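1. sequence plus the predicted model coming up.
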Amino acid sequence: MKMRVACLAAVMLLLFSAGCAKQSGKVTADAGTIADEIVENEKFVDQMSAIDQKTAVKIYGLKSEDVAEAKVYESTSATAEEVAVFEAKGKDAADRIKKAADTRIDDQKTAYEGYQPKEMKKLETPLLVQDGNYVVLVVADDTSAAKKVTDKYLK
């Protein structure tokens, strides 16, 4: 009898733990998949090139221990176009990543204001989404295709 109660308690604990561990949102893909799909569907003026995670973490001024996965695409620097998808290692880390994305936008505004003033419109209306442990930033003329991809995987 004690064995049955112990087994039942263990099963209930496992079920309860699984329910509590569910992440908010409906994330069904990893950061790389989301970023790749955004680049495939969004219309960019410039050529987009992927950079490695270590470089992305450095460019955004992040701590590597905050980032579970990152996929970032940059333009050739002739435009401000950019796609960045981060999976954080927790809610607090996601908050820090979103703040870093805001700072990145501000830094790009400063850089492009005198260099390529026509890029300011893109930087004034980026797509910036935080959902659970995910942060997505897209800088483009029209981010509607990126929003559709983001909505497909997040929220």
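-> Now that the structure is in, tell me what you want to look at.

2. separation between residue 97 and residue 118?
-> Distance, residue 97 to residue 118, by C-beta to C-beta, to the nearest Å: 28 Å. Glycine gets a C-beta too; all of them are placed from N, C-alpha and C.

3. who has more neighbours out of those two?
-> Neighbour count, other C-beta atoms under 10 Å: between residue 97 and residue 118, residue 97 has more, with 27 against 9.

4. SS state for the more buried one?
-> Here residue 97 is recorded as helix under DSSP: H, G, I helix; E, B strand; the rest coil.

5. hmm, it is touching residue 66, no?
-> Yes. Using C-beta atoms under 8 Å, residue 97 is in contact with residue 66, at 6.3 Å.

6. list residues touching both of the two?
-> Taking C-beta atoms under 8 Å, 6 or more residues apart in numbering as the criterion, residue 97 and residue 66 both touch residue 88.

7. pretty sure residue 61 is in contact with residue 100, am I right?
-> Yes. Residue 61 lies in contact with residue 100 (C-beta under 8 Å); the separation is 5.5 Å.

8. please identify which of those two sits among more neighbours.
-> Neighbours around residue 61 and residue 100, counted as other C-beta under 10 Å, are more numerous at residue 100. The numbers are 21 against 12.

9. how close does the more buried one get to residue 151?
-> Counting by C-beta to C-beta, the gap from residue 100 to residue 151 is 23 Å.

10. same thing with residue 73?
-> Counting by C-beta to C-beta - residue 73 and residue 151 are separated by 19 Å.

11. which of these two has more neighbours?
-> Taking other C-beta under 10 Å, residue 73 and residue 151 do not tie; residue 73 has more neighbours (22 against 12).

12. residues of stretch 110-126 that come out buried?
-> Residues 112, 119, 122, 123, 126 are the ones in stretch 110-126 that count as buried (16 or more other C-beta atoms under 10 Å).

13. no further questions, thank you.
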